[in-house]
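A.B. asks: Below is the sequence, then the predicted model.
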Amino acid sequence: MCVSYTLSRSTRKFLIYEGSVIIATMVDVMIHYSHLFVLMKLYPIVGVPVITCLMSIFLHHRVPQHP
């Protein structure tokens with residue numbers, strides 16, 4: 001079976017992106033259950049997936065957009 005280079009590259013990028021977002025989500029879950037933001041008195045952002053948002057923004061700007 002012959003798979004095009006573009007398809008394999010797109011699949012690899014998708015898997016790397018999704019894996020990174022899943023890891024960031026798990027970090028956010030650990031922060032939430034450890035009540036770290038409450039201990040640091042950062043009440044306005046309790047429950048906000050900060051790490052996931054930052055990782056998604058970082059990955060979005062790192063991946064070149066092709067027309």
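C.D. replies: It's in. The structure presented is a predicted model; accordingly, all values stated were derived computationally and were not measured. Numbering: from 1, shown residues only.

A.B. asks: Point out where the chain drops to low pLDDT.
C.D. replies: Filtered on pLDDT under 70, the chain yields the residue ranges 1-3, 62-67.

A.B. asks: now do 80
C.D. replies: 1-7, 60-67 (pLDDT under 80).

A.B. asks: Can you pull up the most central residue in it?
C.D. replies: The centroid of the chain falls nearest to residue 21 when counting by CA atoms, centre = their mean (2.6 Å).

A.B. asks: Correct me if wrong: that residue contacts residue 52.
C.D. replies: Yes. Contact criterion CB atoms under 8 Å: residue 21 and residue 52 qualify, at 6.3 Å. C-betas here are computed from N, CA, C, even on glycine.

A.B. asks: The one helix or strand residue 24 maps to: which residues count as buried?
C.D. replies: Per DSSP states H and E: residue 24 is located in helix 5-34. Buried positions in helix 5-34, judged by neighbour count with 16 or more other CB atoms under 10 Å: 17, 21, 24, 28, 31.

A.B. asks: Just give the number of residues close to residue 52.
C.D. replies: Residues lying near residue 52 (other CB atoms under 10 Å) number 19.

A.B. asks: can you pull the alpha-carbon coordinates of the helix or strand harbouring it into PDB?
C.D. replies: Taking DSSP H and E as the definition, residue 52 sits inside helix 50-62. Taking C-alpha atoms only, helix 50-62 is exported to PDB below (Å, rounded to 0.1, in the frame of the first residue of the first chain):
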ATOM      1  CA  VAL A  50      -4.500  27.200  31.400                       C
ATOM      2  CA  ILE A  51      -1.800  24.800  30.300                       C
ATOM      3  CA  THR A  52      -4.000  23.300  27.600                       C
ATOM      4  CA  CYS A  53      -4.800  26.700  26.200                       C
ATOM      5  CA  LEU A  54      -1.200  27.800  26.200                       C
ATOM      6  CA  MET A  55       0.000  24.600  24.600                       C
ATOM      7  CA  SER A  56      -2.700  24.900  21.900                       C
ATOM      8  CA  ILE A  57      -1.800  28.500  21.100                       C
ATOM      9  CA  PHE A  58       1.900  27.500  21.000                       C
ATOM     10  CA  LEU A  59       1.300  24.500  18.700                       C
ATOM     11  CA  HIS A  60      -1.000  26.500  16.500                       C
ATOM     12  CA  HIS A  61       1.700  29.200  15.900                       C
ATOM     13  CA  ARG A  62       4.400  26.600  15.400                       C
END
